[in-house]
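Visitor: Sequence and computational prediction follow.
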Amino acid sequence: MKTTKKILLGLLIVFIIAQFFGPERNEGELASVDAFLAETNPPENIQAILRESCFDCHSNVTRYPWYSNITPVNYWMADHVKHGKKHFNMSNWEGNSVKKKDHKLEELIEMVEEKEMPLPSYTWTHTEAKLSEAQILDIVEWAKQVRFKYSLVPKPE
């Protein structure tokens, strides 16, 4: 057998064995975002946008497509979700201070207005998650209203 064939066969075997291993999946309960939704009170159209464009990476509830079962794609996706939840996690909303919640919404506004969210790598395969100009305006307006509500909360002295 030629050296090239041996190398390719070895790589194929490693690839097949790797399919039996994978990262932990982010498959929590949809109820984990209830506190966020109750507190921020998004209208139905905003809730739909959050479900389609945000929950997968910014909550404990990820909908996994078929290709997420393929190594190394599953590790790449797990890293994206971990990174997204680190910056903004709607499932952990309840434990945050008003100041932190306000800051997270400020960041949300900035990222959505600058079209940095949702990530292009996400919208390549989730075309329904790509935000229209009208959706961007709706999200920003809603987030600003919630921030205004937080500004009315008395600050601890």
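Guide: Arrived safely. Residues are numbered from 1 along each chain as shown.
Visitor: since we're on Glu107, how many residues are nearby?
Guide: Per other Cβ atoms under 10 Å, the neighbour tally for Glu107 reads 14. Glycine gets a C-beta too; all of them are placed from N, C-alpha and C.
Visitor: Could you check which helix or strand contains it?
Guide: helix 98-113 (DSSP states H and E).
Visitor: Repeat that for Leu37.
Guide: helix 34-40.
Visitor: Per-residue pLDDT of the nearest residue to Val153 once chain neighbours are set aside, please?
Guide: Closest residue to Val153 apart from its sequence neighbours, by Cβ to Cβ, 6 or more residues apart in numbering: Val98 at 5.0 Å. The model reports Val98 with a pLDDT of 89.
Visitor: before we move on, what about Phe36?
Guide: The predicted local confidence for Phe36 is 93.
Visitor: Please apply the same query to the one 4 residues further on.
Guide: Thr40 carries a pLDDT value of 93.
Visitor: residues near it, how many?
Guide: 22.
Visitor: just Val33 next, same as before
Guide: Residues near Val33, counting by other Cβ under 10 Å: 25.
Visitor: can I assume it is in contact with Ser59?
Guide: Yes. Taking contacts as Cβ atoms under 8 Å, Val33 lies within contact range of Ser59: 5.2 Å.
Visitor: buried ones in the helix or strand of the chain with the lowest mean pLDDT?
Guide: Lowest on mean pLDDT, DSSP states H and E among the helices and strands of the chain sits helix 3-18, with a mean of 80. By neighbour count with 16 or more other Cβ atoms under 10 Å, helix 3-18 contains no buried residues.
Visitor: So which elements touch that helix?
Guide: Packing contacts for helix 3-18, counted by 3 or more Cβ pairs under 8 Å, 6 or more residues apart in numbering; DSSP states H and E, involve no helix or strand.
Visitor: who touches the longest helix belonging to the chain?
Guide: Looking across the chain with DSSP state H, the single longest helix is helix 133-151. Residues outside helix 133-151 that contact it (Cβ atoms under 8 Å, 6 or more residues apart in numbering): 40-43, 45-46, 49, 98, 101-102, 105-106, 108-109, 112-113, 115, 131.
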